[in-house]
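In: when you get a sec, could you give me coordinates for this:
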Amino acid sequence: MSRMLEEIRQQPEALERTFSGGLRGVEKLRQLMRKRRPRLVVLVARGTSDNAALFGRYLLEITTGIPVSLAAPSIATLYQARVDYRESLVVAISQSGESTDTNLVLERAREQGATTLGITNERSSTLAGLAEHVFLVRAGKEKSVAATKTYTGQMLMLYLLAWALEGGVRMPELERLPETVESALRLEPEVRALSERYRYMRHAVVVGRGLNYANAFELSLKLMETCYVVAERFSSADFLHGPIALVEPSFPVFAFAPAGVTWPSMDETLAKLQGLQAEIVAITDSGNREVDARATRVIRLPRRVKEILTPIPYIVPAQIFAACLAAQKGLDPDQPRTLHKVTLTL
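Out: A predicted model of the protein is given here:
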């Protein structure tokens, strides 16, 4: 069994530790933000952490009403531009805390007047030393190159950040997320069997919308880095503005399809894909039965999940699928070719 799959299975305990261990720091930041509420939040990250940041953008704007921007690190690292970060909260997200460009952006932002927060899995990292405030992801050492438990830990920390900014997030619901993830892990035998069908898959599309748009990016990344599948990712709305033309009969499309406000748009996209005879694999929960009429195959969480809480449990069967597909292809997801756990870029 791969380390990737082992670490996927560790997520309920990792999320419990992250939640309980972070409460004091989150409450401290909440008190500070009441006095110095930011006019803007800027998120800076790379790789899987950047996908967590994309999720954070949707979550924070939806729940707090504060505008959120995703930083372009090259503005600071290559163009040496000075940005006015006064009255802003700049949040750097990094599994290792050693991403060179992410840390440089945070350092410059602090010099230019921002309140700074670091979200990392490494207590003694450079990022933890640079940031004024630190949210520690307590996932334990992540040994596989493919990030899994640190991704969901970062997402949980972004929920806690939304709470600190007095957004519409309920702590008792967050506290129950590890239990929901535990139920998602019970889908492993079903997902493993499904992965056999896609052993020879070389191209795919992943679609999501709203809060699950980031999960489309994350599943796509996992398919690319662990299975060497060319996986394009789109918003279900953007997909209709041109990229749908690449779909032909039996073309594999993976869709995150919760019930709620994003479902009508996703339903429209899936209906068109169905008309093109695409092979659609939908990830959903017991709250959405309509998707059965659209998808070729459905991966369904056994419990109904509120849309705002779906991103963490929904990514779990997607992670399992990538790990199992890599095994089907005879690949090692823990050591993808040319990749390392820490990537240093400017």
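In: got any ranges where this structure has weak pLDDT?
Out: 338-346 (pLDDT under 70).
In: and the residue nearest the centre of it, what element?
Out: Note on the chain: the residue nearest the mean C-alpha position is residue 52, at 3.9 Å, using C-alpha atoms, centre = their mean. Assignment of secondary structure by DSSP states H and E places residue 52 within helix 47-64.
In: which elements pack onto that helix?
Out: Packed against helix 47-64 by the contact rule (3 or more C-beta pairs under 8 Å, 6 or more residues apart in numbering; DSSP states H and E) you find strand 40-45, strand 68-70, strand 88-94, helix 149-164, helix 213-227. For the C-beta atoms, the positions are set from N, CA and C on the backbone; glycine is no exception.
In: how about these in CSV, adding mean neighbour count and distance to residue 332?
Out: Shown next, in CSV, are the helices and strands packed on helix 47-64 (neighbours: other C-beta atoms under 10 Å; distance: least, C-beta to C-beta, whole Å):
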stretch, mean neighbour count, distance to residue 332
strand 40-45, 24, 26
strand 68-70, 16, 31
strand 88-94, 29, 24
helix 149-164, 27, 18
helix 213-227, 25, 9
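In: tell me which of those sits nearest to residue 178.
Out: With C-beta to C-beta as the criterion, residue 178 lies closest to helix 149-164 of these, at 9.1 Å.
In: buried stuff in the following helix or strand past that closest one?
Out: For helix 149-164, the following helix or strand on the C-terminal side (DSSP H and E) is helix 171-175. Buried residues in helix 171-175, defined by neighbour count with 16 or more other C-beta atoms under 10 Å: residue 174.
In: biggest helix in the protein by residues?
Out: Counting by DSSP state H, the longest helix found in the chain is helix 11-35.
In: for that one, name the packing helices and strands.
Out: Checking 3+ C-beta pairs under 8 Å, 6+ apart, helix 11-35 ends up next to strand 133-136, helix 149-164, helix 177-185.
In: quick one: strands adjacent to the shortest one?
Out: By that I understand strand 133-136. Counting by DSSP bridges, the strands paired with strand 133-136 are strand 115-120 (parallel).
In: now the helix or strand harbouring residue 312, how far from the centre of its chain.
Out: For residue 312, the host element (DSSP H and E) is helix 311-328. Counting by C-alpha atoms, centre = their mean, to the nearest Å, helix 311-328 is centred 13 Å from the centre of its parent chain.
In: got the angle for that helix vs helix 177-185?
Out: Going by axes from the mean of the first three to the mean of the last three C-alpha atoms, to 10 degrees, helix 311-328 is angled at 30 degrees with respect to helix 177-185.
In: check which residues of helix 311-328 are buried.
Out: Those would be 311-328, for helix 311-328 by 16+ other C-beta under 10 Å.
In: swap in stretch 235-243?
Out: 235-237, 239-240.
In: same question for stretch 280-293.
Out: Going by neighbour count (16+ other C-beta under 10 Å), the buried part of stretch 280-293 is 280-285, 287-288, 291.
In: and the contacts of it?
Out: Here stretch 280-293 makes contact (C-beta atoms under 8 Å, 6 or more residues apart in numbering) with 194, 252-259, 263, 267, 270, 273-274, 294-305, 310, 313-314, 317-318.
In: in helices only, show me these.
Out: Assigned to helices by DSSP H, the following of the contacts of stretch 280-293 qualify: 194, 263, 267, 270, 273-274, 313-314, 317-318.
In: now the residues you listed in TSV, please, with extra columns for distance to residue 333.
Out: Below are the ones in helices among the contacts of stretch 280-293 laid out as TSV (distance: C-beta to C-beta, whole Å):
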residue	distance to residue 333
194	17
263	31
267	33
270	28
273	28
274	31
313	21
314	20
317	16
318	13
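In: which of the residues you listed lies closest to residue 48?
Out: When these are ranked by distance to residue 48 (C-beta to C-beta), residue 318 comes first, at 12.5 Å.
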